[in-house]
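A.B. asks: prediction below, plus the sequence it came from.
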Amino acid sequence: MAHPQPGWLSHRVVWALVGLHVLALLVGTLIPNAWRTGIVQGLHAPSVVSSWAHFVLFAGMALLLLLRPVAWPVWRVLLAGLVLALLSEGLQFFAIERHPRWLDVGIDMAGVVLAVVLVKGARVCNVRA
């Protein structure tokens, strides 16, 4: 049985939210390391806050793309997540004192995979109910 989508969640709203996620990702990726460190210290946050932010951003984007009204297939969401993760790491070559890491690509993809598991797991549970 299909679940109705909320009235406010139109294609335009979904793509605007995805765009905001990408913008936040790109701004965070391209700021110099000293600025990033200053922001983290100013917030009195642990140094891993950047990794968690990436995880949450990628999970959020994947959820938006997996759910209605967009409802991309899993393979497309995984591919888009991987391309964006590689792009965001590659852009760090152009940021002052920033360096790409494969670990960060893994963290980004873990967020995407979590979204896939949540969506697919919810669908499996609804089918059995």
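C.D. replies: Okay, I see it.

A.B. asks: pLDDT-wise, which helix or strand of this structure ranks last?
C.D. replies: Of all helical and strand segments in the chain, the minimum by mean pLDDT, DSSP states H and E falls on helix 33-42, at a mean of 84.

A.B. asks: ok, residues contacting that one?
C.D. replies: 28, 31, 46, 47, 49, 50, 95, 96, 97, 98 (CB atoms under 8 Å, 6 or more residues apart in numbering). Backbone N, C-alpha and C define where each C-beta goes, glycine included.

A.B. asks: between the residues you listed, which sits nearest residue 88?
C.D. replies: Taking CB to CB as the measure, residue 88 lies nearest residue 28 of these, at 8.5 Å.

A.B. asks: secondary structure class for the closest one?
C.D. replies: helix (DSSP: H, G, I helix; E, B strand; the rest coil).

A.B. asks: reformat the contacts of helix 33-42 as CSV; add secondary structure.
C.D. replies: Listed next are those as CSV, based on three-state DSSP:
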residue, secondary structure
28, helix
31, coil
46, coil
47, coil
49, helix
50, helix
95, coil
96, coil
97, coil
98, coil
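
A.B. asks: about what we covered before: distance from the chain centre to the least confident helix or strand of the chain, please.
C.D. replies: Between the centre of helix 33-42 and the centre of its host chain there is 21 Å, according to CA atoms, centre = their mean, to the nearest Å.

A.B. asks: right, I'll call it a day here.
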